[in-house]
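Undergrad: Need coordinates for the following:
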Amino acid sequence: MSGHSKWSQIKHKKAATDSKKGKVFSRLSKEISVAARIGGGNPDMNARLRLVIEKAREVNMPADNIKRAIQKGTGELPGSHYEEIVYEGYGPGGVALMLDVLTDNKTRTVAEIRHILSKHNGNMGETGSVSWIFDKKGYILVNKKAIDEDTLMTNSLDAGAEDFKNDPEEDNYEIITAPEDLSKVKDYLASKNIPMNLSEITFLPKNYIKLDGRDAERMLKLMEVLEEHEDIQNVYANFDIPDEIMAEAE
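TA: Next up, the predicted model:
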């Protein structure tokens, strides 16, 4: 799982930086609006909305921005109608890609994504072509310096986590939950004053493709361009790239 762990941490760090430019705020506003439209504007009654609001607060998104995004979703304020789509494809070396998209112009967005993939040694796939490679899960990272393994493992499993991982080469413990249990596990760990570096709903690959050299560099460049696209909310991929090349992406 090292490929996923490293990229998740890089994304998290970049989100904190990019929030100053408003990129992350715009993306989160869309996600908040859609969550509110589908499940209502009360985060206590809408788990999806609650999670994205927590994510917004982690990058210091102003409360007024969050409120306006919710009101656009519930119809209290005018706003665009975003369509949720998942696109599948391939990157350099045959890496599987899943893209979570929110768009108000599907024709424009799919053409732009197709162009990006083609330009960076990838291509679009049919629906279902790679989704079988991924499992939807709750995912938590905890720094190893913050707590010992046995204590965290016991607390995680007591809270209802599905799995606990300790890769000796990683700086963080990994906790895996069912998607619907993420909030419960997160709240339990917080009640024990256990600090978390990251918590999210994500898609974890069942297997990884090792990349090195030019393919690894191309893959990271493709990820960067896809993550920058205003309609792409999340990018999931099953690459495993050496630490020294991943470090350059930071």
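
Undergrad: what's the lengthiest strand in the chain packed up against?
TA: In the chain, taking DSSP state E as the definition, the longest strand is strand 134-143. Packing partners of strand 134-143 (3 or more CB pairs under 8 Å, 6 or more residues apart in numbering; DSSP states H and E): helix 2-18, strand 172-177, helix 182-191, strand 198-205. No exception for glycine: its C-beta is placed from N, CA and C like everyone else's.

Undergrad: Pull the contacting residues for the residue of the chain most remote from its centre.
TA: In the chain, counting by CA atoms, centre = their mean, residue 76 sits farthest out from the average C-alpha position, at 28.3 Å. Residue 76 makes contacts with residue 41, as judged by CB atoms under 8 Å, 6 or more residues apart in numbering.

Undergrad: now the helices for this structure?
TA: Along the chain, counting by DSSP state H, helices occupy 2-18, 23-39, 47-58, 63-74, 106-119, 149-159, 182-191, 213-228, 243-249.

Undergrad: ok and the third one relative to helix 23-39, angle-wise?
TA: When you say that, I think you mean helix 47-58. Helix 47-58 and helix 23-39 are oriented at 160 degrees to each other (axes from the mean of the first three to the mean of the last three CA atoms, to 10 degrees).

Undergrad: contact partners of helix 47-58?
TA: Contacts of helix 47-58 (CB under 8 Å, 6+ apart): 15, 25, 28, 31-32, 35-36, 38-44, 65-66, 70, 180, 182-183, 199-201.

Undergrad: would you turn the helices of the chain into a markdown table with mean pLDDT and mean neighbour count?
TA: What follows is the helices of the chain, written out as a markdown table (pLDDT from 0 to 100; neighbours: other CB atoms under 10 Å):
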| stretch | mean pLDDT | mean neighbour count |
| --- | --- | --- |
| helix 2-18 | 63 | 17 |
| helix 23-39 | 91 | 21 |
| helix 47-58 | 90 | 20 |
| helix 63-74 | 94 | 18 |
| helix 106-119 | 96 | 15 |
| helix 149-159 | 95 | 16 |
| helix 182-191 | 93 | 18 |
| helix 213-228 | 91 | 18 |
| helix 243-249 | 74 | 13 |
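
Undergrad: To residue 87, which of the ones you listed lies closest?
TA: helix 106-119 (6.0 Å; CB to CB).

Undergrad: Return the list of helices and strands in contact with that closest one.
TA: Partner elements for helix 106-119 (3+ CB pairs under 8 Å, 6+ apart): strand 83-90, strand 96-103, strand 123-124, helix 213-228.
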